[in-house]
Structures are given as structure tokens and as C-alpha cells.
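Student: Return a 3D structure for these sequence lines:
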Amino acid sequence: MARTEKKEGIWETIKTVFWALVIAGIFRTLFFQPFWIPSGSMKDTLLIGDFLFVNKMAYGYSAVSCPFSACPIDGRIMGSDPERGDVVVFRHPTRGVDFIKRVIGLPGDRIQITNGRLIINGEPVRYEEQPDFVEIKAQQGGQRLQPRCANDPVPEGGECRKERATEILPNGVSYDVLNIMDGWVADNTEIYTVPEGHYFFMGDNRDNSEDSRFPAMTGGLGFVPGEYLIGRADRIMFSSAGRSLLFFWTWRGDRFFKAVD
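Tutor: Residues are numbered from 1 along each chain as shown. The predicted structure follows:
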């Protein structure tokens, strides 16, 4: 009798674990997608080693995120439109890899950058100067990337500084942007008119971001079609400054469950 009960208990445990994994898989497929931040293009909003879940239901399903066969070939189903200022994960239209940037331009918008400052539909965006963003000059993340600094050359272990300002969009959304150098290649641009059904993305670390300022025909991002959007980044769940999340002494406790602004 005891042996039979033990076998039944083991079997019940196996079934419980199995269904838990199935439910977790469905939950991930339908609603959320995990995403690690691999580069510094979104500093200081997102740091290398931040781990977040992407809300796939924020904009509905698209051709790249829908798990079912009845997915849209063009456009989206069951979702609202992205808003200016949203931080979004999307599929790169030509490379087939996932990117994360901020929505700056909506369909029909005219976007221009002059002297490193943003102009939307002919109106300069408002800025408020902030103290410098400071980090240690050291290798970061699994790719061991070295941060670029406004005060370079900086020795290993030294203070790496970037100028910081709060950018305030016309809809009131605000966030910090960083500047490494004046006169960078994308600090002065032409006027970009965002086509219907497309979006214009930029990284918050403006001088260290490959984004819509660089046309797809030259190997850049260009305008991103709406069907390539995967979801909105709402909250950082975990953050590690080391090469591996197993290096617990590198965990950033102040970033756990931090909202993405």
C-alpha cells in the first residue's frame, strides 16, 4: 500500500511539473517574451545586463509575434497603436534579429535632428539639463563591451562620463538621453517623413545607437513597419552587471522590478 501511494505521489508530482511547464510556455508565447539588454544603446534607461519581459499584447499580434497560423500578413490584430515615447522590442526588418529602441516618430511625422536636438513636425523638443551620467570604464556584459565616454581617454576603472538631459516629447512623455560628443555623424540630419504604417526609432544613448537615423539601404535600421513590432517593454525584472547572472555579487538590487520610463 505504501509503495503504491509513493508511486502515485511521484506521478502526481511529474504531472504537476509537466502542466506547469506547459502553462508557462503558453503564457510566454501568448503574452510575454523575455529579453536581455545586450548593448548600451538605451542607457541610461536600460543598462547592459537588464532582463525584462516584453508585453506582447500591448499592440496586439503581428506577423512576427503571433503564435497561431491565422496571423496577419500585413498590419496587426487585437491591439492599440504604439505611442510616442514607448520603449519597444521589434524585429529588425532586414537582419531578422530583435532590437529595442524608443518610438520617436509616428506615421506621418516629420523628424529631424539638429545639433543633437530633436525636432518633431517643425517644433523643437524641450530639454532640461541634468547631471552627467557616470559609470565605471570597464568591460560590460557577456560581450565584454567597453563604454564610450565624453571624457575619453579614460583608464580602466576610471569614471566614464556622458552628458545627460531630460527630453520632453510633445505628448508629455519624458526620459533621459545621453550625449558623448558634439558633431557626431547623426547629430545633424535631413528631415525624415515617416511613411504610413511605419515608425521612427531612436536609442536614448544618442551617440551610441544604430537606429532609424541610418537608412536600411546603407545597412542601418530605417523606418520600421508596424508588423515587425513585438511588444512594449514595461518593467525590468532583474539586472546583472557581470558576465553571467550567476555572478550574484554583480546584481543591481536597485533595478529589480523597476518601471521602464
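Student: Give me the phi and psi for the closest residue to G49 other than its chain neighbours.
Tutor: Nearest non-adjacent residue to G49, counting by Cβ to Cβ, 6 or more residues apart in numbering: S240, 4.6 Å away. C-betas here are computed from N, CA, C, even on glycine. Backbone torsions for S240, taken as degrees, to the nearest 10, come to phi -130, psi 130.
Student: Surely S240 touches I37?
Tutor: No - using Cβ atoms under 8 Å, S240 is not in contact with I37, being 10.4 Å away.
Student: can you pull up the bridge partners for the most centrally placed residue in the chain?
Tutor: The structure's the chain has its C-alpha centroid closest to I100; by Cα atoms, centre = their mean the separation is 2.9 Å. With DSSP bridges applied, I100 shows beta-bridge pairing to V89.
Student: Could you do Q33 as well?
Tutor: Judged by DSSP bridges, the bridge partners of Q33 are V54.
Student: what's the spacing between it and V89?
Tutor: To V89, Q33 is 7 Å away according to Cβ to Cβ, to the nearest Å.
Student: between these two, which one's more packed in?
Tutor: V89 (20 against 17; other Cβ atoms under 10 Å).
Student: from what I can see the more buried one touches I100, true?
Tutor: Yes - V89 lies in contact with I100 (Cβ under 8 Å); the separation is 4.9 Å.
Student: where along the stretch 101-250 of the chain do the strands fall?
Tutor: 110-114, 117-120, 123-124, 126-136, 159-168, 174-179, 192-193, 198-202, 224-225, 229-239 (DSSP state E, counting those that start in this stretch).
Student: weakest of those in terms of mean pLDDT?
Tutor: When the strands of the stretch 101-250 of the chain are compared by mean pLDDT, strand 229-239 comes last with a mean of 93.
Student: Pull up the pairing partners for it, direction included.
Tutor: As assigned by DSSP bridges, strand 229-239 forms pairs with strand 50-55 (antiparallel), strand 87-91 (antiparallel), strand 258-259 (antiparallel).
Student: quick check, distance from the longest one to the centre of its chain.
Tutor: So the one you mean is strand 50-55. 9 Å (Cα atoms, centre = their mean, to the nearest Å).
Student: Ok, the second one next?
Tutor: A distance of 6 Å separates the C-alpha centroid of strand 87-91 from that of its chain, computed with Cα atoms, centre = their mean.
Student: repeat for stretch 48-58
Tutor: The chain centre lies 8 Å from the centre of stretch 48-58; the measure is Cα atoms, centre = their mean.
Student: what's around the closest residue to M181 other than its chain neighbours, how many residues?
Tutor: Of all residues not flanking M181 in the chain, D207 sits nearest, at 5.8 Å (Cβ to Cβ, 6+ apart). Each residue near D207 was counted by other Cβ under 10 Å, and the total is 22.
Student: list the contacts for the residue nearest to the centre of the chain?
Tutor: Contacts for I100 (Cβ atoms under 8 Å, 6 or more residues apart in numbering) come out as 35, 37, 42, 46, 87-90, 233.
Student: where does the residue nearest to G49 land on pLDDT?
Tutor: 87.
Student: any idea how far R91 is from it?
Tutor: Computed as Cβ to Cβ, the S240 to R91 distance reads 25 Å.
Student: Of those two, which one has the most company?
Tutor: Set side by side, S240 and R91 show more neighbours around S240, with 23 against 20, by other Cβ under 10 Å.
Student: So for the closest residue to G220 other than its chain neighbours, what's the pLDDT?
Tutor: The shortest distance from G220 to any non-neighbouring residue, by Cβ to Cβ, 6+ apart, is to F214 (2.5 Å). If you check F214, the pLDDT there is 95.
Student: do R252 as well
Tutor: R252 is given a pLDDT of 87.
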